[in-house]
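# A structural model of the following input is requested.
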Amino acid sequence: MSKNKKNKDGSVTLNCSNCSAPLVELWQRDPNVKKETTITAACAHCGDKSFKEVVLGSFYSGSTEFSDIDSMDIKDDRQSPSGISIQEILIKTTKAKEYE
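Numbers count the residues shown, from 1 in each chain. This is a model prediction of the structure:
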């Protein structure tokens, strides 16, 4: 079992908490945007999900060698009393190639 991986280029790879398959790549785009997003990815390889990752500001997401992004479902979207947008997103993936 591994945690989400911080990459040298500043991106983060969301890995499955069960089979460790790399599911989604995340890049912070603009840290000045008043947004806090908690992101989890559903694993198409074993049916489990990734560890949660919190991104401050706006972000980009992308596929990995082993997983493609199928859809992004917003589970929660609200405004905090301080004016920060708080979101919770589930990214659903499909297999791009078998992960062993």
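
# need the contact partners of the longest strand seen in the chain.
For the chain, the strand with the greatest residue count under DSSP state E is strand 67-79. Outside strand 67-79, the residues that touch it by CB atoms under 8 Å, 6 or more residues apart in numbering are 21-24, 41, 43-45, 61-63, 85-96, 99. No exception for glycine: its C-beta is placed from N, CA and C like everyone else's.

# so in the chain, where's the weakest helix or strand by average pLDDT?
The helix or strand of the chain with the poorest confidence is strand 5-6; it has a mean of 84 (mean pLDDT, DSSP states H and E).

# for the helix or strand encompassing Y60, which strands pair with it and how are they oriented?
Here Y60, judged by DSSP states H and E, is contained in strand 58-62. According to DSSP bridges, strand 58-62 has the following sheet partners: strand 22-30 (antiparallel).

# below-threshold pLDDT in the chain: ranges please.
Within the chain, the segments meeting pLDDT under 70 span 1-2.

# I84: how many residues sit nearby?
Neighbour count for I84, taken as other CB atoms under 10 Å: 13.

# kindly report the same for A96.
A96: 14 neighbours (other CB under 10 Å).

# ok, P31 next?
Quick note: P31 (other CB under 10 Å) scores 11 neighbours.

# for it, give me phi and psi.
Backbone torsions for P31, taken as degrees, to the nearest 10, come to phi -70, psi -10.

# identify the residue spatially nearest to it, adjacent ones excluded.
Spatial nearest neighbour of P31, excluding adjacent residues (CB to CB, 6 or more residues apart in numbering): G57 at 3.9 Å.

# if we can go back for a sec, and the contacts of the strand holding Y60?
24-30, 33, 35, 37, 39, 69, 72, 91.

# one more: stretch 19-30?
Contacts of stretch 19-30 (CB under 8 Å, 6+ apart): 1-2, 5, 7, 10-16, 39, 41-43, 45-46, 48, 50, 53, 55-67, 69, 91, 93, 99.

# for that stretch, list the C-alpha coordinates in PDB.
Taking Å, rounded to 0.1, in the frame of the first residue of the first chain, the C-alpha atoms of stretch 19-30 are listed here in PDB:
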ATOM      1  CA  CYS A  19      -3.500  -2.200  -5.500                       C
ATOM      2  CA  SER A  20      -1.300   1.000  -5.800                       C
ATOM      3  CA  ALA A  21      -2.200   1.600  -9.500                       C
ATOM      4  CA  PRO A  22      -1.400   5.100 -10.600                       C
ATOM      5  CA  LEU A  23      -4.900   6.600 -11.300                       C
ATOM      6  CA  VAL A  24      -4.700  10.400 -11.900                       C
ATOM      7  CA  GLU A  25      -2.100  13.100 -12.200                       C
ATOM      8  CA  LEU A  26      -2.800  16.500 -10.500                       C
ATOM      9  CA  TRP A  27      -1.100  19.900 -11.100                       C
ATOM     10  CA  GLN A  28      -1.800  23.000  -9.100                       C
ATOM     11  CA  ARG A  29      -2.600  25.800 -11.500                       C
ATOM     12  CA  ASP A  30      -3.300  28.900  -9.600                       C
END
